[in-house]
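Participant: this one's sequence-less:
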């Protein structure tokens, strides 16, 4: 379990990135951490990993305080940063050097994931494309089999087939004893993968809701004309009419459109938060 209480942090003393942030995360879920660029998503993940330290507040990951950087804590957590910086060595050598930091590292799984991503494991990390490097590091992160796996903008640099493969791999690798946080502003890439949505805005987590609870309260649909939809909260026009977010007063069963939901909460934040009793 991850428990954060009253977390405050800023890179400059009088310019806070996170302010009095509270969050509790449970095992057995894949969380989507959503927010515009610059809202502090990476900073929050780095705080949980003990890479940077809070000005005030408390973070607990199981019985560990990340800032203490205890060995048992470090080997239970893996973070893939948005920008990957790899050494000038082969993929095989990289795995041999860095896998000992993770006692449950699975070489067979790593090899299989490289195959799934169509990456020859004897390739040199400096001789492959940025997207291929990203896929290697995603494969390595999953193969660590850590209890906590954090992926910061993992689909940046991936082409459309690779994004589809990424979603499939994450879903197949997930286990009930793990917590996965995927931070992104490219929300469409996470559809049908996320169990719970976290939205970071105004230096705080303004919304934490399971996908099922969101679709219980909100309706996502496409209509030819806005007159065909009642209780519309937000809409976007397109070639085939409009896509809308509306109150789900008749308990209709629709699929969450994460990109549409994120756009809606950006424009109609107070209205949507009031539906979830967050104001």
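Facilitator: The structure has been received and is ready for your questions. What you see is a predicted model; the values in this text were computed from it and never measured.
Participant: in the stretch 151-279 of the chain, which spans are helices?
Facilitator: 160-173, 211-217, 258-267, 269-275 (DSSP state H, counting those that start in this stretch).
Participant: possible to save these as TSV with mean neighbour count, mean pLDDT and distance to residue 179?
Facilitator: (C-beta placed from N, C-alpha, C; glycine too.) Formatted as TSV, the helices of the stretch 151-279 of the chain follow (neighbours: other Cβ atoms under 10 Å; pLDDT from 0 to 100; distance: least, Cβ to Cβ, whole Å):
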stretch	mean neighbour count	mean pLDDT	distance to residue 179
helix 160-173	15	88	13
helix 211-217	16	94	16
helix 258-267	20	93	19
helix 269-275	15	93	24
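Participant: Using JSON lines, lay out these together with distance to residue 49.
Facilitator: Formatted as JSON lines, the helices of the stretch 151-279 of the chain follow (distance: least, Cβ to Cβ, whole Å):
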{"stretch": "helix 160-173", "distance to residue 49": "19"}
{"stretch": "helix 211-217", "distance to residue 49": "25"}
{"stretch": "helix 258-267", "distance to residue 49": "25"}
{"stretch": "helix 269-275", "distance to residue 49": "28"}
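Participant: To residue 86, which of the ones you listed lies closest?
Facilitator: Residue 86 sits nearest to helix 160-173 of all those, at 17.3 Å, using Cβ to Cβ.
Participant: which secondary structure elements does that closest one contact?
Facilitator: helix 107-116, helix 130-143 (3 or more Cβ pairs under 8 Å, 6 or more residues apart in numbering; DSSP states H and E).
Participant: any chance of those helices in CSV, plus mean pLDDT?
Facilitator: What follows is these, written out as CSV (pLDDT from 0 to 100):
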stretch, mean pLDDT
helix 107-116, 94
helix 130-143, 94
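Participant: Tell me which of those sits most buried.
Facilitator: helix 130-143 (a mean of 22; mean count of other Cβ atoms under 10 Å).
Participant: What are the phi and psi values at residue 84?
Facilitator: phi -100, psi 130 (degrees, to the nearest 10).
Participant: what number of residues lie near it?
Facilitator: When neighbours are defined as other Cβ atoms under 10 Å, residue 84 has 15 of them.
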